[in-house]
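Student: I'll drop the sequence and a predicted model, then ask my questions.
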Amino acid sequence: GAGVSQTPSNKVTEKGKYVELRCDPISGHTALYWYRQSLGQGPEFLIYFQGTGAADDSGLPNDRFFAVRPEGSVSTLKIQRTERGDSAVYLCASSYTGVSPLHFGNGTRLTVT
Amino acid sequence: KQEVTQIPAALSVPEGENLVLNCSFTDSAIYNLQWFRQDPGKGLTSLLLIQSSQREQTSGRLNASLDKSSGRSTLYIAASQPGDSATYLCAVGGAYNQGGKLIFGQGTELSVKP
């Protein structure tokens, strides 16, 4: 596709449930990032992939959060035992290399009830 | 720990006015600085990227400056238009080859009135 695609655009789940958020980066982009944005705040870094490997996962808040990128393209952010505090917009971005400008998707709005 | 602050949090101006958005950061050891635009319910669109060795970048009616030593950047918008209404975010990158690991400010919400 022409841009970064994120699905679903909205996700409502109950506290304690498991969710998966998907990101399709721009074709050929080797670097992929996940960010989380709370209302009225700037995005916060979660994890960075270079190819298939997580080059930096220092932003993941705890071990309930996990992300994969098995073939170096599509990435999935997985959240176990969701909590109400996990409610936010989860943004994915990709870039051609780790030093190129980022291209962001429109995000997945996660609401935990 | 790097902290990025944007002032003001919100700004409302009449159409046609020139305006300046401010961004400050606490650690001058940055790799680059980017300005983004975010429309409601949308992702971020990159406007300008300034490498640490540069002082400014220009694109159309937009001009961004960088003063690393003082920890400041400004985004200048000339002849503002209602279509410029959006939230503007400043972000700094701290390391080579992790230019996308950014620390963001909280944004300035701009409203340009016709």
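Tutor: That came in fine, so what should we check first? In this text the structure is predicted, and so the values were computed from the model without any measurement.
Student: now the residue of chain B found nearest chain A, nearest residue through space, not along the chain?
Tutor: Nearest residue of chain B to chain A (CB to the nearest CB) works out as B:Phe104 at 3.0 Å. Placement of C-beta: from N, CA and C, glycine included. What sits nearest to B:Phe104 in space, not counting adjacent residues and going by CB to CB, 6 or more residues apart in numbering or on different chains, is A:Gly42, at 3.0 Å.
Student: next up, the contacts around the one you found.
Tutor: If you count contacts by CB atoms under 8 Å, 6 or more residues apart in numbering or on different chains, A:Gly42 has them with B:Val4, B:Leu89, B:Ala91, B:Phe104, B:Gly105, B:Gln106, B:Gly107.
Student: which members of those occur in strands, if any?
Tutor: Here DSSP state E is the test, and these give B:Val4, B:Leu89, B:Ala91, B:Phe104 as lying in strands.
Student: interface residues of chain B facing chain A?
Tutor: B:4, B:34, B:36, B:41-46, B:49, B:89, B:91, B:96-107 (CB under 8 Å from any CB of the partner chain).
Student: and residue 93, how many neighbours?
Tutor: In the absence of a named chain, chain A is used. 26 (other CB atoms under 10 Å in any protein chain shown).
Student: chain B, not that one
Tutor: Neighbours around B:Gly93, by other CB under 10 Å: 24.
Student: touching, it and B:Asn32? I think so.
Tutor: Yes - B:Gly93 is in contact with B:Asn32 according to CB atoms under 8 Å; the separation is 4.6 Å.
Student: excluding chain neighbours, what is closest to A:Arg84?
Tutor: A:Val112 (5.0 Å).
Student: per-residue pLDDT, that neighbour?
Tutor: pLDDT for A:Val112: 98.
Student: which residues does it contact?
Tutor: With CB under 8 Å, 6+ apart, A:Val112 has these contacts: A:Thr13, A:Glu14, A:Lys15, A:Thr82, A:Glu83, A:Arg84, A:Gly85, A:Asp86, A:Ser87.
Student: let's have these in CSV, adding pLDDT, secondary structure and distance to A:Thr30.
Tutor: Converted to CSV, the contacts of A:Val112 look like this (pLDDT from 0 to 100; DSSP: H, G, I helix; E, B strand; the rest coil; distance: CB to CB, whole Å):
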residue, pLDDT, secondary structure, distance to A:Thr30
A:Thr13, 98, strand, 31
A:Glu14, 97, coil, 36
A:Lys15, 98, coil, 36
A:Thr82, 98, coil, 30
A:Glu83, 97, coil, 33
A:Arg84, 97, helix, 35
A:Gly85, 96, helix, 32
A:Asp86, 97, helix, 28
A:Ser87, 97, coil, 31
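Student: great, nothing more from me.
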